[in-house]
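Participant: Predicted model and sequence follow; I will ask about them next.
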Amino acid sequence: MFTKAVATILAVPFVAQLVSGQACTRSYTIQEGDICDSISAVQSVSTYQLAVVNINTIDAGCDNLVPGASICLGWTGQDCSTTYVVKQDDNCDDISGAYGINSTILYMNNPQINQDCSNIYVGEVLCTANTVQVPPAPGGTIPASAIPATATPANPDGDLPWCD
């Protein structure tokens, strides 16, 4: 009886890992000169999704990419490939309108965007699917939520269309 109890206790972490493990639906081999946003843009994967599915591989600053290494782009059932690359003067209302989605869906697919949409930046890649398709933020943290130091805010004045 004791042996069965010990075996069960030791097996629980391995079973939990198998249950929570995600199957990668598509992958990418890192090239020399790649940055997270360039990979996201070319591979049609949001900046947020790339950060989440590689949370234990790519650091928060995305400065540890190793050419030749393979990274995951999306998980089964949680792989948004309908994307938009943010441009200067974009705001969340314009992006939502252009893709025919409501702002709730835009924010759910891109939880790194803050409430007033002031932290999107030029070159960031957003999921613009009309249903929620991205994986949830791991452990309560939201990766890719800060504008990188080298990025340009999309709307630095924070002007919203209805505030003119």
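Facilitator: Yep, that arrived. Residues are numbered from 1 along each chain as shown.

Participant: Check the gap between D34 and Y28 for me.
Facilitator: According to Cβ to Cβ, to the nearest Å, D34 stands 9 Å off from Y28. Bear in mind the C-beta positions are built from the backbone N, C-alpha and C, glycine included.

Participant: no, scratch that, I was asking about L106
Facilitator: Taking Cβ to Cβ, one finds L106 at 24 Å from Y28.

Participant: which of those two has more neighbours?
Facilitator: Shown here are L106 and Y28; by other Cβ atoms under 10 Å, L106 has more neighbours (22 against 17).

Participant: What strand or helix carries N155?
Facilitator: Assessed by DSSP states H and E, N155 sits outside every helix and strand.

Participant: Helices of this protein, residue ranges please.
Facilitator: Ranges of helices in the chain, per DSSP state H, are 2-20, 36-43, 47-53, 92-99, 103-109.

Participant: Identify the residues contacting the residue nearest the centre of the chain.
Facilitator: In the chain, the centroid-proximal residue (Cα atoms, centre = their mean) is Y48; its distance is 1.5 Å. Residues in contact with Y48, defined by Cβ atoms under 8 Å, 6 or more residues apart in numbering, are 109-112, 126-127, 134, 142-144.

Participant: Dump those residues to CSV, plus pLDDT.
Facilitator: As requested, the contacts of Y48 are arranged in CSV below (pLDDT from 0 to 100):
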residue, pLDDT
N109, 97
N110, 97
P111, 95
Q112, 95
L126, 98
C127, 98
V134, 93
I142, 85
P143, 85
A144, 83
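
Participant: From those residues, pick the one nearest S38.
Facilitator: A144 (14.3 Å; Cβ to Cβ).

Participant: what about that closest one, distance to T150?
Facilitator: With Cβ to Cβ as the criterion, A144 and T150 are 14 Å apart.

Participant: which of those two has more neighbours?
Facilitator: Applying other Cβ under 10 Å to A144 and T150 shows that A144 carries more neighbours, namely 27 against 9.
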